[in-house]
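1. Sequence and predicted structure below; questions after.
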Amino acid sequence: MSAEDHLHELKVWLERNGGYFHPHVRLRKAPSGCSVVASESLPPDSKIVSCPFTLAITKESTLSALSVLLGSPSTTRLTSWSERQLISTYLSFHWIIGDGESSKGVLAHFPYVKSLPARDQLRTPLHFTEAELELLKGSNLYGATLDRRREWEAEFEECRGVISAVDREWADQFTWELYLTAATHLSSRAFPSTLISQNLSLTSPGVPEPILLPGVDSLNHARAEPVSWVQSYLGSGPVPDAGSCLSLILHNPIAAGAELFNNYGPKPNSELILGYGFSLPNNPDDTIVLKIGGPQGGKWEVGRGARGVDPIWDSVLAMVQPEEGAEPTYDDHLDTADALAEMVQQLMDKLPRVSVPAPDDIREDVALMIQHYVEGQREILESLVEYTETKEWHGEVPAPET
Ligand SMILES: C[S@@+](CC[C@H](N)C(=O)[O-])C[C@H]1O[C@@H](n2cnc3c(N)ncnc32)[C@H](O)[C@@H]1O
C-alpha cells in the first residue's frame, strides 16, 4: 500500500468510528508525513476534523491494552510506567504483532499507526547522524538532546525487561529504534489530556499527560494561526458518553488548494526541534537558557529583545555586591554589566557555526533547522550585549558617587 492509501484508510477508519473530516479537505503525502489541503474554499470557523474520545490513545487505554497483551502478572510493573512508556510500547506492538487475528480487540489503531511518518522521515535530534549532532555542540540543545536520549534509553530498557519476561520473541523485535520512533510520534503529535477530561481547562492544576488524537494531529503548525480545539463532552459523569469528541475549528477562511494549519502554541525553535523535528525562521518565541551558579544563581530563559533578563541582572548584581543587602553602588552596576557581558561573550563563542548549503554528510533540512536555531540563539545573546550596554551607558544605573 502506498503512503496515500494509508492516509485514505486513516480517513475512512476515523469516519467509520464516529470521527469526522471536512468533505473539502484532502490528506496529502509530504516530506514530514502528511499535510492537509483544502480541495475547495472553506468559510471562516469551519470544523476540519474531529476525533471521538473512544479513539484517543491515553495512559489509561494503553495500560489496559498492554495488561491484556502481557498478562496480569505484568500489570503491577506496567502501572509504574510513564505515559510515554505505555503509549510508545502500545504503538510499537502494532508493528511487532501486526494486524492479524492475535491482535484483534487489543491493538485498536492499525490504520492510524500505518499512516504515521516512517522513521527515516523523523528529524528530531535523536534521529540525527553523529555528524549532525556534532553541529549542535556548544548549544543548549546539544545537552538537552543527550539528556533526552539517556532518559528514553533507560525507559526503553525497563519496558524491554517486562516484555522479555513474557515473550522473548516480542522482546527481540522490540528494538530501541522501534521505541524511539514511537516515542517521537508521541512527542511530535501529543495533545494535553485535559482536552478530553470532564472539566476542560488547559490551565488546570497538575501537569496534563500527553495523549494522541488520531486525525486531529494531521495538520502542520503555523505560528499564531487562529484555531480552536473544541471539546464536546457528552453526559454528566466522569466517563463521557458515546459521541464525545474533540474538534479542530479554523477561524480564518481558507482558499481552495491552500494548506490548513493547526497552532501548536508559541514554542521556541529549541522545543520545536527537540520535540517535533522542525524549526521556524526568525522565530519570535525563541529563548536561550542561562545558568548562573552559586547561592544567588539559578536557571533562566531569556527571549528575543532580552525579554526576561531582569532577574538575571538582579542575580549577578547580588553576586558582585561585596555586602549582602546593601544599596548597590555605581561600581556594582558596572561590575554587573561587565560580568554579564563576559558570560554572554563566552556563550557566543561556544555557539556552533552552521553553513547552508551543508557539507555532504549533513542533510540539508537538518542544516537549515540548526541554522535557524543558532541564529536565534545568537540574536538573543546580541540583545543581551545591547542590554548591558544600555545599563552601562544610558543612565539606567545610579550616578557615580563623588
Ligand atoms: C502533528 S504532526 C503534523 C502532521 C505531520 N506532517 C504528519 O505527517 O503527520 C507534526 C509533525 O509535522 C511536521 N510539521 C508540523 N508543522 C511543520 C512546519 N511548520 N514545518 C515543517 N514541518 C512541520 C513535523 O515533522 C512535526 O513533527
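-> Good, I have the coordinates.
2. from here on, contacts and neighbour counts on C-alpha atoms
-> Noted.
3. Show me what from the stretch 101-250 of the chain comes close to the ligand.
-> Within the stretch 101-250 of the chain, the positions lying close to the ligand (Cα under 6 Å from any ligand atom) are 116-117, 188-189, 217-222.
4. Quick check, pLDDT for the residue in the chain positioned nearest to the ligand.
-> Taking Cα to the nearest ligand atom, the ligand has its nearest neighbour within the chain at Gly33, 2.9 Å off. At Gly33, the pLDDT value in this model is 91.
5. for Glu15, same thing?
-> For Glu15, pLDDT reads 96.
6. Not counting its neighbours along the chain, what's nearest it?
-> Ranked by Cα to Cα, 6 or more residues apart in numbering and with sequence neighbours excluded, the top spatial neighbour of Glu15 is Phe21, at 7.2 Å.
7. what's that neighbour sitting at in phi/psi?
-> phi -120, psi 130 (degrees, to the nearest 10).
8. what number of residues lie near it?
-> Using other Cα atoms under 10 Å, Phe21 has 21 other residues around it.
9. Show me what it is bridged to.
-> Val49 (DSSP bridges).
10. show me the contacts for it.
-> 11, 15, 48-50 (Cα atoms under 8 Å, 6 or more residues apart in numbering).
11. which of those residues tops the neighbour count?
-> Ser50 (27 neighbours).
12. Now do it, the pLDDT please.
-> For Ser50, the pLDDT comes out at 98.
13. go on, Gly325?
-> pLDDT for Gly325: 76.
14. Repeat that for the one 3 residues further on.
-> On the pLDDT scale, Pro328 is placed at 85.
15. ok, for it, nearest residue in space, not its chain neighbours?
-> Closest residue in space to Pro328, ignoring its immediate chain neighbours: Gln321 at 6.8 Å, by Cα to Cα, 6+ apart.
16. surely Leu250 meets Asp45?
-> Yes: using Cα atoms under 8 Å, Leu250 makes contact with Asp45 at a distance of 5.2 Å.
17. neighbour-wise, which of these two wins?
-> Applying other Cα under 10 Å to Leu250 and Asp45 shows that Leu250 carries more neighbours, namely 24 against 16.
18. check contacts around that one.
-> Contacts of Leu250 by Cα under 8 Å, 6+ apart are 44-48, 226-228, 262.
19. Wasn't Asp335 part of a helix?
-> Yes: checked against DSSP: H, G, I helix; E, B strand; the rest coil, Asp335 lies within a helix.
20. Over to the residue nearest to it when sequence neighbours are not counted: give its phi and psi.
-> Of all residues not flanking Asp335 in the chain, Val320 sits nearest, at 6.7 Å (Cα to Cα, 6+ apart). Note on Val320: its backbone torsions stand at phi -80, psi -20 [degrees, to the nearest 10].
21. I'd like to know how many residues surround the residue nearest to Pro328.
-> 18.
22. residue contacts, the residue nearest to the spatial centre of the chain?
-> Centroid check for the chain by Cα atoms, centre = their mean gives Gly275 as the closest residue, at 3.3 Å. Residues in contact with Gly275 (Cα under 8 Å, 6+ apart) are 124, 184, 187-188.
23. That one and Ser164, how far apart?
-> Separation of Gly275 from Ser164 (Cα to Cα, to the nearest Å): 29 Å.
24. remind me which residues of this structure are low pLDDT?
-> Confidence mapping of the chain against pLDDT under 70 gives the ranges 104, 200-206, 393-402.
25. tell me the domain ranges of it?
-> Taking automatic domain parsing as the reference, the chain has its domains at 1-264, 287-393.
26. List phi and psi for Ala38.
-> phi -80, psi 130.
27. For beta bridges, what are the partners of it?
-> Val25.
28. My understanding was that it contacts Ile254; is that so?
-> Yes: Ala38 lies in contact with Ile254 (Cα under 8 Å); the separation is 7.1 Å.
29. which neighbours do the two share?
-> Residues within reach of Ala38 and of Ile254 at once, by Cα under 8 Å, 6+ apart, are Leu260.
30. Can you name the residues of the stretch 251-400 of the chain that neighbour the ligand?
-> So the stretch 251-400 of the chain meets the ligand at 276-278 (Cα under 6 Å from any ligand atom).
31. Just name the closest of these to Gln296, please.
-> Closest approach to Gln296 among those (Cα to Cα): Tyr276, at 34.5 Å.
32. all strands for the stretch 101-250 of the chain, in order.
-> Using DSSP state E, counting those that start in this stretch, the strands of the stretch 101-250 of the chain run over residues 191-192, 210-211, 220-221, 227-232, 245-250.
33. Once you drop chain neighbours, what's closest to Ile292?
-> Gly298 (5.3 Å).
34. Could you verify my assumption that the one you found touches Val289?
-> No: in this structure Gly298 lies outside contact range of Val289 using Cα under 8 Å: 10.3 Å.
35. Now Leu27. Its backbone dihedrals?
-> Dihedral angles of Leu27 (phi, psi; degrees, to the nearest 10) stand at phi -90, psi 120.
36. number of nearby residues for the nearest residue to it once chain neighbours are set aside?
-> Using Cα to Cα, 6+ apart and skipping residues adjacent in sequence, the residue nearest Leu27 is Val36, 4.7 Å away. Val36: 21 surrounding residues under other Cα under 10 Å.
37. Thank you, goodbye.
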